[in-house]
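Participant: Structure of the sequence below:
(chains A, B, C and D, ligands or ions: 4)
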Amino acid sequence: MLQVITADGDFDPKLVPDLSDEDLLKIHRFMLTVRRLNEKGMSLQRQGRLGFFMESTGQEACQIGAAYALSAQDWALPSYRDPGMCLVRGVPLATLLDQLMANSADESKGRSLPTHWSFRKWNVVSLSSPIGSKLLHAVGIAYAAKYKRDKLVCFTSMGEGATSQGEFHAAMNFAGVYRAPVVFFCENNQYAISLPARRQTASESFAIKAEAYGFEGVQVDGNDVLAVYKAVRSAVDKARSGGGPTLIEAVTYRMGGHSSSDDPSVYRNDEEVEMWKRRDPIARFTAYLTRKGILTESAVQKQSEEIDAYISRTVKERETVKPPAPSTLFTDVYSEMPWNLQEEAEEFMAEEGRE
Amino acid sequence: MLQVITADGDFDPKLVPDLSDEDLLKIHRFMLTVRRLNEKGMSLQRQGRLGFFMESTGQEACQIGAAYALSAQDWALPSYRDPGMCLVRGVPLATLLDQLMANSADESKGRSLPTHWSFRKWNVVSLSSPIGSKLLHAVGIAYAAKYKRDKLVCFTSMGEGATSQGEFHAAMNFAGVYRAPVVFFCENNQYAISLPARRQTASESFAIKAEAYGFEGVQVDGNDVLAVYKAVRSAVDKARSGGGPTLIEAVTYRMGGHSSSDDPSVYRNDEEVEMWKRRDPIARFTAYLTRKGILTESAVQKQSEEIDAYISRTVKERETVKPPAPSTLFTDVYSEMPWNLQEEAEEFMAEEGRE
Amino acid sequence: MPMLNLVQSVNETLRTEMRRNADVVLLGEDIGKDGGVFRATAGLLNEFGPERVMDTPIAEDGIIGTAIGMALYGLEPVVEIQFLDFIYPGFNQIVSELAKIRYRSGGGYPAHVVIRAPYGGGIKGALYHSQSTEAYFTHTPGLYVVTPSTPADTMGLLRTAIRGSDPVMFLEPKRVYRTSKEEVPADEDFTIPFGKARVVYEGTGVTLVSWGAMVHTCKAAAEMAAKENISVELIDMRTLMPFDLETVLGSVRKTGRVVIAHEATKVSGFGGEIAAQIAERAIDSLRAPIVRLGGFDTPFPYALENRYLPSPERVLRSIRKAASY
Amino acid sequence: MPMLNLVQSVNETLRTEMRRNADVVLLGEDIGKDGGVFRATAGLLNEFGPERVMDTPIAEDGIIGTAIGMALYGLEPVVEIQFLDFIYPGFNQIVSELAKIRYRSGGGYPAHVVIRAPYGGGIKGALYHSQSTEAYFTHTPGLYVVTPSTPADTMGLLRTAIRGSDPVMFLEPKRVYRTSKEEVPADEDFTIPFGKARVVYEGTGVTLVSWGAMVHTCKAAAEMAAKENISVELIDMRTLMPFDLETVLGSVRKTGRVVIAHEATKVSGFGGEIAAQIAERAIDSLRAPIVRLGGFDTPFPYALENRYLPSPERVLRSIRKAASY
Ligand SMILES: Cc1ncc(C[n+]2csc(CCOP(=O)(O)OP(=O)(O)O)c2C)c(N)n1
Ligand SMILES: Cc1ncc(C[n+]2csc(CCOP(=O)(O)OP(=O)(O)O)c2C)c(N)n1
Ligand SMILES: [Mg+2]
Ligand SMILES: [Mg+2]
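Facilitator: Ligands and ions are numbered 1, 2, ... in the order given. A predicted model of the protein is given here:
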């Protein structure tokens, strides 16, 4: 398992990827932002200000490290547990919140469940709920880019549970057969809702599954942001230069529940959670940057407060945005409305007007 | 790749499985029978006496070697290319022909395509056309047997093309997770209709795919009946004693077309076919038995003639069996006919009577 | 007589049937320790152990296909699909295998699998936690399709499904999983036969046909209609395959007016089948056009869910339309 | 004007569209060297190379899902599913992804994929090479569903599908792939709009509605009826989504009698939708019950295929029933 920084911030200089201090600090700040956003998201949901939320606390190194290895022209299909990837890609916090709040400014017109991203401008592809189905889209996008001689890579992430779906199998196999420039990033956070990873499959690891498709599988410490960056960066470089796909398994932990509807205490014990707390990806990266002398604990404290304030401000601002207009019920089903939809829309609007 | 007999009949005595001379001769005779049955099947189809046929010439060692390793209480889900497995299980030739001819004596009541076996009495489970879907049934059967503490194994075969389906993936994964007593037997005959095996997947082999599911994958020379027997036998023994599943890849060649509707000359060349002819599984086993001194070329010749006569006689006899009764259109959809079917059946029978 | 809500009724039926017959086994995602995301299987792992209450990997084809194999061997698997919306990776197993294996094997290999799946809108679940696609299954010969609307019906019908010998799609109206409790027969052999509708309200003016959670919307609409002096006969179909055409036709012959209301997308919904049957068999009794009301012909939205879901007011408008023609 | 049979017309349309637009790519099983099991793509690999004519592994989810990704990036993939019966491993990609991605992304990510699939009985293919399950797709908002019956219609409609921007299920009546040739417009911009039915025969006595290969059965039946002095107006729907209700209603208003005939299983078939629409909108014009004729509510058999498939005689009996009421 690839590791650059150990749990207490120690590291092997030969393994450290080539990133400027500025980049390192940006990465750290993104990680903090995701952590605070998760906390805010859960509290908004508890207050009834968000209909639904899926947190990703504990997986900040995965999200930020991976997305940081991509270029702007690359395409990404992040999972619901990857708000940080959207932020790194450049999606403004306000735009992300519009999605969560399903308001009229939301690019998806408030049609999708919160955390089901779709940000065309930032090449973040529309996500659905069925687990695994998007992996094939990543292969198709990568193939099409290659066909058009565009030098880009398609990146997609998934939970370890997704590897059990038939669509994972087809995506991996097609990627191998067509040598598509695609990077599969599996965040093994130890659980698929309540099912522990060791009961999801009997294979030695998730990374090893790449053998079945004739390309490389890599296992990396998913709580080590530099290791994640390094692994994804090298997979991206390989894909960009015609070397085909890679599967990366990032070993991490889902600190919270599966979603705002879930109570994880039913199926797992506190000791386990405590053990993983000690491997916290942000604490570890902070320790590293502190050792390097480019960050202090008090600076982190200050940043957290700034971020909190910024998130709260933006939430308040986005809460003033109107909900989607009723007429949007009927658009975008087709490029043009067929007569049956037109009829339904007209009847509906007439009744709306009446009531 | 496991091999016991080389192409010219040479062998390593340490590898030879423990089979009596009588067994060896039986195996040889089964192989001959399948070869002759294939030839007869194609010719009947060409004469319009069979609606459809799928031949399996070249794959006799796979079929007979594998089935010979099973016990009567074991369950089997052979593919359309495995008539020989049915014969070894004890299905009478006449019963097999009834299936091919879809007559009123057919256990499936003439409803299924020829070569889509279903022989309850011999634990040969009903086969459908969609590739890959039956593999999951094998896992369920194996699990159920284990649940009931029945010491049996479920065996299923497939083409190498089936490994691309999502249901293969799920079957392998479930088998691994539940350690089901199941043996997956993949006859890699180099083609899936027109697609060469090397374009079906980029993996090194088909056997290696087992790694993705945490159990053993074995590659064996599929034109060497003793190697096939040995590999399947050891997988069956392992499964029976609680050791879980195995995937076996038998490397072989489809000498004929995909089916009676296919013309393979469109997509492959003669040299390749010639090369595989030199690895013929029957010729090889004959050479082995001849060397061992328990069979002669002239005995083989005589047997072939006997078998031909027997097949022809049985075909003629089965051709006298009536087609299924029209009323069978409506039965077995449910255990009891719901009213809509009853109504359709009555109307139909009334009209049949009239015309 | 115990008081149970609908999801408790599922739980209780599974428990009693598992006690009664050791061949009944469950499989699905998160049905073990977690007790299912809706708690339909809560407590069953503890009582029956992991061999009979199997948490599965995330693969609906795997779940259904494995269950078919088990059934072929003689077990009686009851599958939970977490949401009906997630059944499609297993659709091939349903359509190609489960529905056809008895027929294609000449009766030699029947596969008795019961597939339970919560369905329908009303929980703010957006496109993929809300759909009502019962019509796909009614168009697949070999399957029975059950759509209960009350706790007692759920118990009686689920028991029939489990004790039967045919494949059943058992669709549970998750919107009303917990909305109310009712008394449920204590008799552990209480069953309700398939193909018998329930007349919820008798009436003389308009026949209103529905099933699943929509029955409750229709009840509200019928009550509103009563205030306008329209007497509604509300029929809960209970099972869509087989469907109780006799009860529907009997009612239509009496009222001459009919509204069919379902949550599913209107085009090609099962309402069309019922309308077509009436138009074929009772047209002379009709005194008004057959009115169908369905979900809009769009995917299921998130923010506007309440605008999308057929409301009692929309049903009422349809009733008025039929009544006033 | 070239003379082509139906499958040649598919081939010719693919060829001309691929010449016209380099973004049009094909993927499917055995479509390369083999030219497809029905030869619909014969010669295309040679002309356009393996990057544009992609032989795929056997995985329908893989084929359709990859095509969706290609379409998201801006290609115009045309998929071949070897038989419609084998589409179910890819059903999740169709129902959950292809049909909904434009909507759920607020229009940001449309996916223009055309899925071609031979369908229907008549080639002695038994349960899994014979089914007509168009109703599943008509019940899935976001999809267009096209069911041509002649070589010229096939060309005009396939071109509309490829040049459009919405997902299309293009269902090809394989039974009549080669039964006859007809003149097909030489104009390489010849298209036929979706949602416009074709009146095959004008008539005054009974409206007969059909699509796909059944249109030919209905033609034979209409000719037989003519000999009995029943004047049949035969309507070929051509596309089921959108469906040309106007033409159907116009005809029913004229004749007052209607038969809807399809090969698919009757219960919940698309015939029910048409019947329901007529019963809702033109009931006052009806002088007889709406007669529906479908395949039996059973799987598709092998030995008895000819007894199963609706024959001209069966259609004729339905016509008589409607005419004599
Ligand atoms: C096809 C399908 N089946 C079931 C579900 C219900 N479901 C939602 S998330 C989830 C678990 C996913 O686990 P994993 O892939 O490990 O991702 P994680 O949530 O841990 O990030 C399940 C079973 C679904 N969304 N889609
Ligand atoms: C789901 C599905 N897709 C496509 C087909 C069409 N088809 C029938 S056999 C076949 C090739 C199978 O190849 P393989 O698994 O290697 O078996 P073989 O025929 O070589 O024994 C294909 C594509 C099918 N039967 N099912
Ligand atoms: Mg997980
Ligand atoms: Mg093969």
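Participant: What parts of chain C come near ligand 3?
Facilitator: Applying C-beta under 5 Å from the ion, one finds that chain C does not approach ligand 3 at all. To be clear about C-beta, it is placed using only N, CA and C from the backbone, and glycine gets the same treatment.
Participant: Find the residue at the geometric middle of chain C.
Facilitator: Nearest to the mean C-alpha position of chain C, by C-alpha atoms, centre = their mean, lies C:T147 at 1.6 Å.
Participant: Touching, that residue and C:F243? I think so.
Facilitator: No: using C-beta atoms under 8 Å, C:T147 is not in contact with C:F243; the gap is 10.3 Å.
Participant: got the contact list for the residue nearest to C:I115 when sequence neighbours are not counted?
Facilitator: Of all residues not flanking C:I115 in the chain, C:V79 sits nearest, at 4.7 Å (C-beta to C-beta, 6 or more residues apart in numbering or on different chains). C:V79 is in contact with C:26-28, C:63-64, C:67, C:113-116, counting by C-beta atoms under 8 Å, 6 or more residues apart in numbering or on different chains.
Participant: Most neighbours of all those, which one?
Facilitator: C:A67 (35 neighbours; other C-beta atoms under 10 Å in any protein chain shown).
Participant: which element follows the helix or strand containing that residue toward the C-terminus?
Facilitator: Using DSSP states H and E, the element containing C:A67 is helix C:60-73. Helices and strands here follow DSSP H and E; after helix C:60-73, the next one along the chain is strand C:76-80.
Participant: can you give me the mean pLDDT across the helix holding C:A67?
Facilitator: Confidence for helix C:60-73, expressed as mean pLDDT, is 98.
Participant: Any stretches of chain A with poor pLDDT?
Facilitator: Low-confidence segments of chain A, defined by pLDDT under 70: A:354-355.
Participant: domain parsing for it?
Facilitator: A:21-324, A:326-355 (automatic domain parsing).
Participant: among the ones you listed, which is the most enclosed?
Facilitator: Sort those by mean neighbour count, taking mean count of other C-beta atoms under 10 Å in any protein chain shown, and domain A:21-324 sits at the top with a mean of 22.
Participant: Which residues are in contact with the residue nearest to the centre of chain C?
Facilitator: Contacts of C:T147 by C-beta under 8 Å, 6+ apart are C:134, C:171, C:173, C:211-212, C:237-240.
Participant: circling back: for the contacts of C:V79, which one is nearest ligand 2?
Facilitator: Comparing these against ligand 2 with C-beta to the nearest ligand atom places C:I64 closest, at 15.6 Å.
Participant: pretty sure the closest one is in contact with C:G90, am I right?
Facilitator: Yes: between C:I64 and C:G90 there is a contact under C-beta under 8 Å: 4.1 Å.
Participant: Which residues are in contact with each of the two?
Facilitator: Shared contacts of C:I64 and C:G90, defined by C-beta under 8 Å, 6+ apart, are found at C:I81.
Participant: Give me the common contacts of C:T147 and C:F243.
Facilitator: In contact with both C:T147 and C:F243: C:M237, using C-beta under 8 Å, 6+ apart.
Participant: so how far is stretch A:197-214 from its chain's centroid?
Facilitator: 21 Å (C-alpha atoms, centre = their mean, to the nearest Å).
Participant: Report the separation between the two terminal residues of it.
Facilitator: 23 Å (C-alpha to C-alpha, to the nearest Å).
Participant: Indicate whether that stretch makes contact with chain D.
Facilitator: No: judged by C-beta under 8 Å from any C-beta of the partner chain, stretch A:197-214 and chain D are separated, with a smallest distance of 10.5 Å.
Participant: Outside of that stretch itself, list whatever touches it.
Facilitator: For stretch A:197-214, using C-beta under 8 Å, 6+ apart, the contacting residues are A:160-161, A:163-164, A:172-173, A:175-176, A:186, A:188, A:190-192, A:216-219, A:245-249, B:173, B:176-177, B:179, B:201-204, B:208-209, B:211-215, C:55, C:57-58.
Participant: Go again with 7 Å.
Facilitator: Residues external to stretch A:197-214 that are found in contact with it (C-beta atoms under 7 Å, 6 or more residues apart in numbering or on different chains): A:160-161, A:163-164, A:172-173, A:175-176, A:186, A:188, A:190-192, A:216-219, A:247, A:249, B:173, B:176-177, B:201-204, B:208-209, B:211-215, C:55, C:57.
Participant: Report whether that stretch contacts ligand 1.
Facilitator: No: in terms of C-beta under 6 Å from any ligand atom, no part of stretch A:197-214 sits within range of ligand 1; the closest distance is 7.3 Å.
Participant: and C:M3, how many residues sit next to it?
Facilitator: Neighbour count for C:M3, taken as other C-beta under 10 Å: 11.
Participant: Enumerate the residues of chain A near ligand 4.
Facilitator: Counting by C-beta under 5 Å from the ion, no residue of chain A lies close to ligand 4.
Participant: Look up how far B:Q301 lies from the residue nearest to C:I115.
Facilitator: Noted for C:V79: a distance of 55 Å to B:Q301, by C-beta to C-beta, to the nearest Å.
Participant: likewise C:A225?
Facilitator: Look at C:A225 and B:Q301: by C-beta to C-beta, they are 88 Å apart.
Participant: Go through the residues of the stretch 101-250 of chain A and report the one nearest to chain B.
Facilitator: In the stretch 101-250 of chain A, the residue that lies nearest chain B is A:G166 (1.8 Å; C-beta to the nearest C-beta).
Participant: quick one: that residue and C:Y88 touch, right?
Facilitator: No: judged on C-beta atoms under 7 Å, A:G166 makes no contact with C:Y88 at a distance of 10.6 Å.
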